[in-house]
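[1] Test case, fold it:
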Amino acid sequence: MSGLPDGYRLSDAAPGTADYRALRERSGLSPKTEGQARGAIDGAWTFRTVTAPSGEVVAMGRIVGDGGWYFLVADMATYPEHQGRGLGAAVLDALLAAVREHAEPGAYVTLTADPPGRRLYASRGFEDVAPDRTGMWLLT
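    Purely as a prediction, here's the structure:
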């Protein structure tokens, strides 16, 4: 994929559970158990990962969705020492390309943006939710 530094490779392969968990934790996302990681990997609509020249998986993102009209970008993560090289942008662009390729026009893509990712998401056309709406969550 153009835009990646020399030696980095973009793939549609899901990471293994150990890589998934490590990427989340080292990039500052909340830690997940082995079972949660397996569920996330198995339940994804699609994944994109970036492998460094060393062969280590250093960035990832996935989409959860129904495959028809609703898609949620999740688990966007890059190891801190690999940030600033366009890896997250390559992952996001590949995920959005998959939606555009497989979904009919009018598909809804959503995400929850952490402050460090806001600029990237905005540069790809994501907008804040309308002022009369709010995000909600439930921890079970």
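[2] What distance do you get for Leu4 to Ser30?
    Noted for Leu4: a distance of 27 Å to Ser30, by CB to CB, to the nearest Å. The way it works is simple: take the backbone N, C-alpha and C, and place the C-beta from them, glycine included.
[3] So between the two, which is more surrounded?
    Leu4 (18 against 7; other CB atoms under 10 Å).
[4] Excluding chain neighbours, what is closest to the more buried one?
    Ala90 (5.5 Å; CB to CB, 6 or more residues apart in numbering).
[5] Next, report how far the strand or helix carrying that neighbour is displaced from the centre of its chain.
    In the assignment (DSSP states H and E), Ala90 maps to helix 87-102. The chain centroid and the centroid of helix 87-102 are separated by 9 Å under CA atoms, centre = their mean, to the nearest Å.
[6] low-scoring stretches of this protein, by residue?
    For the chain, applying pLDDT under 70 flags the ranges 1-2.
[7] any idea which helix or strand carries the residue most central in space within it?
    With distances taken as CA atoms, centre = their mean, Gly61 lies nearest the centre of the chain, 2.1 Å away. If you go by DSSP H and E, Gly61 is part of strand 57-65.
[8] I appreciate the help and will end here.
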